[in-house]
Structures are given as C-alpha cells and as structure tokens.
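Chemist: Coordinates only, no sequence provided:
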Ligand code: NAP
C-alpha cells in the first residue's frame, strides 16, 4: 500500500492568526463603544489543571484587549453564592462573556449555573438557548471546542459536504454539538460512543474522524481509513516510560500519521482553537450587545 505522511492541522498557528484578527476588531470597536470587551471566568477550588486553563484564557484575553473579570472562589463556596455571582455578572454592563470553569467540586451542581448565565453572555455556548439555536441552525453563540474544530477544517479547505463524518464521543460539551455542526455543514454524520458495537468498523468508514473520548491512544492506525482527516480532541495526561508526565490525545499519533491525510497534534491542535473561539464569542457578544458590526478581518 502507498505510504503517506499526514499533513498537520496546526491549531497553534490558526489560533494566533484569529487572535491577531480579534485584536484588530477590538481596537476598531472600542473606538465606537468606549470600553473594551469583558470576559468573566468563574473558578471554584484549586484544581491545578483548571487553574492552568484559566491562566491561559486570561493571558489570551490580555493579548487581544479583552478585560478579565475573573473570580476565584474557595472550594467550600455554596451553590447560592455562585448563583449570586452569576446574577451580578449578568447585570454588569462591562461583562460580555461569562464562563464557569468545569469541573466544579462535587457538592456543586454545574447545570443550573450554566442555565443561569444570560444566553447573550454565554461565551462557552453551553446554555440550552444557544444549543437550541444550533439545533435550529439559527445564529447564536456556538460551543467553543466544536466551533474550533469546524474553523480548523475550514482553514485547511477541508470540504465536509457529503462526506461521512464519524464523531466518537457524545458529550454535551463536544461530541453532540460537533455532530450538529458537521450536519449543518452537510456532512453525513455518525456518532459513536462507549456502547457502540464494533467501533473499528465505524471509524474505518469515516472520511472525517473526530475523537472526543478521553482515552489515550484509543484510535489506532488500523481504525483509520487511508487518507482520512483525523481530528483529535482528547487531552489526556499520561506518564511515559521515563516517568515524565505529558499530554496526549485519543489518537495514536505516531501510527495514524502514516495513514491519515490530515491530523491534529496534541498539544498544538484543538486545545488552542478552543481558547480562540472563546475570545471570538466574547467579541461577538460585545458587538451584538452594543449593536455594532465588526469589520471583516
Ligand atoms: P466525556 O464527557 O467524558 O465524554 C466522553 C465520551 O466518550 C462519552 O460520550 C463516552 O461514551 C465516550 N467513550 C468513552 N469511552 C469510549 C470508548 N471506549 N469507545 C467509544 N466511546 C467512548 O468527555 P468530553 O468532555 O467530551 O471530553 C472528551 C475528551 O476531550 C477529553 O479528553 C477532554 O479532556 C477533551 N477535551 C478537550 C478540549 C479541547 O479544548 N481540546 C475541550 C473539551 C474536552 P458514553 O456517552 O457512552 O459514556
């Protein structure tokens, strides 16, 4: 069989390009609106991975000129204290985007908090109104990770129309909204999950294969159709043979590199696109809330 080496879908470069475009839009809009866009990230407790994600988001905000209204709550914060904080941010005119960093400590229930966020400020696109708009193909704030995947495919001119796209994973955070976005883009979509029979047969039929599972190296080369486009959403921390901890995706990168036509690296793929889409959603809601239209980049 003819051997190939996949082209990498470079999320790092694209995220950087999007940030530069957003920075220019913010500069232009700020002149009209008279204040910068604002994003509030609420974090509870001291989960080190979450703290690193929040730091990255705040740094990215700073780079594009978005003001951060981050709030760090102690791990014994109550549900009603968080409800009050969200209500205050819903009313705060300086805040255009609100997100609750997940996971929350066990005694807290994330779902009612996500539902409480003003849908117009729902930077993560996880409010039922925004998910409903996605189902109905109406404009709205789209979930960041799936939107990042779609933007990456678009950047590399990967036409999904009529193609068989297989999404492995059906979470409300990634798998389900991504399947809907692929459907909206005219792909023929299959969603696979932990109860699917014969996963390799399903994945091998994919022209576009998305792994959003959370299992290191679940997708091996023999599960991939030659010349498929493979997008790895997974982020898993593993300890390698030398005892070092590192991040890997759900795809066995080294082997799949020799089968796929396109492949995302981890890190450097979808993760950075998620942050770029969060910033984009914040700028979009800033423009919408102030009824101004940003210049096209
Ligand atoms: P999740 O809520 O745990 O969902 C995982 C999904 O994978 C579930 O639908 C589950 O099926 C399915 N699954 C589990 N084991 C499977 C198996 N052996 N075969 C087939 N399907 C299987 O996770 P998530 O929040 O969607 O996140 C998925 C991965 O993406 C994680 O590694 C996470 O860290 C990463 N992630 C990355 C980003 C980013 O920015 N790159 C953002 C969010 C998440 P059931 O529904 O049947 O249980």
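Modeler: Nice, thanks for sending it over. Bear in mind the structure is a predicted one, so any value in this text is a computation, not a measurement. Residues are numbered from 1 along each chain as shown.
Chemist: tell me the pLDDT at residue 2?
Modeler: pLDDT for residue 2: 57.
Chemist: i'd like the first residue to be 3 from this point on
Modeler: Got it, first residue is 3 now, which makes that one residue 4.
Chemist: what does the protein put close to the ligand?
Modeler: 147, 170-173, 175-177, 194-197, 201, 214-217, 220, 235-238, 272-273, 276 (C-beta under 6 Å from any ligand atom). For the C-beta atoms, the positions are set from N, CA and C on the backbone; glycine is no exception.
Chemist: just the buried members of these?
Modeler: Buried by 16 or more other C-beta atoms under 10 Å: 147, 170-172, 175-177, 194, 201, 214-215, 220, 235-238, 272-273, 276, out of these.
Chemist: so of those residues, which ones are in strands?
Modeler: 170, 194, 238 (DSSP state E).
Chemist: Give the helix, strand or coil label for residue 126.
Modeler: On the three-state scheme (DSSP: H, G, I helix; E, B strand; the rest coil), residue 126 is labelled coil.
Chemist: Contacts only, for it.
Modeler: Residue 126 sits next to 101-102, 116, 143, 145-146, 280, 283 when contact means C-beta atoms under 8 Å, 6 or more residues apart in numbering.
Chemist: cool, and residue 234?
Modeler: 213, 221, 251-253, 255, 265-268, 271-272.
Chemist: Can you convert these into CSV and add a column each for pLDDT and distance to residue 63?
Modeler: Formatted as CSV, the contacts of residue 234 follow (pLDDT from 0 to 100; distance: C-beta to C-beta, whole Å):
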residue, pLDDT, distance to residue 63
213, 98, 29
221, 98, 33
251, 97, 26
252, 98, 28
253, 98, 30
255, 97, 30
265, 98, 30
266, 98, 24
267, 98, 24
268, 97, 23
271, 97, 21
272, 97, 19
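Chemist: Looking at the residues you listed, which is nearest the ligand?
Modeler: residue 272 (4.1 Å; C-beta to the nearest ligand atom).
Chemist: wait, isn't that closest one in contact with residue 152?
Modeler: No: using C-beta atoms under 8 Å, residue 272 is not in contact with residue 152; the gap is 10.7 Å.
Chemist: Could you list the low-confidence segments of the protein?
Modeler: 3-5, 297-299 (pLDDT under 70).
Chemist: buried set for stretch 199-213?
Modeler: Within stretch 199-213, judged by 16+ other C-beta under 10 Å, the buried ones are 201, 204-206, 208-213.
Chemist: Looking at the residues you listed, which are in strands?
Modeler: 210-213.
Chemist: Tally up the residues packed near residue 135, please.
Modeler: Residue 135 is flanked by 17 other residues according to other C-beta atoms under 10 Å.
Chemist: what helix or strand is it on?
Modeler: helix 130-137 (DSSP states H and E).
Chemist: what are the ranges of the helices in this structure?
Modeler: 13-35, 50-66, 81-93, 112-118, 130-137, 146-157, 177-186, 201-206, 255-258, 272-291 (DSSP state H).
Chemist: which residues sit against the longest one?
Modeler: Outside of helix 13-35, the residues that reach it under the criterion C-beta under 8 Å, 6+ apart are 38-39, 62, 65-68, 150, 153-154, 157, 266-267, 270-275, 277-278, 281-282, 285, 288-289, 292, 294, 296-297, 299.
Chemist: Got a quick PyMOL command for the buried subset of those?
Modeler: Listed next is the PyMOL selection for buried residues among the contacts of helix 13-35, using 16+ other C-beta under 10 Å:
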select buried, resi 38+39+62+66+67+68+150+153+154+157+266+267+270+271+272+273+274+275+277+278+281+282+285+288+289+296
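Chemist: if I pick residue 96, what's in contact with it?
Modeler: Contacts of residue 96 by C-beta under 8 Å, 6+ apart are 37, 40, 69, 71.
Chemist: which of those count as buried?
Modeler: 40, 69, 71.
Chemist: how close does the last one get to the ligand?
Modeler: I take that to be residue 71. 22 Å (C-beta to the nearest ligand atom, to the nearest Å).
Chemist: For residue 48, which non-adjacent residue is closest in space?
Modeler: residue 77 (6.7 Å; C-beta to C-beta, 6 or more residues apart in numbering).
Chemist: For the one you found, give me its contacts.
Modeler: Counting by C-beta under 8 Å, 6+ apart, residue 77 has contacts 46-48, 107.
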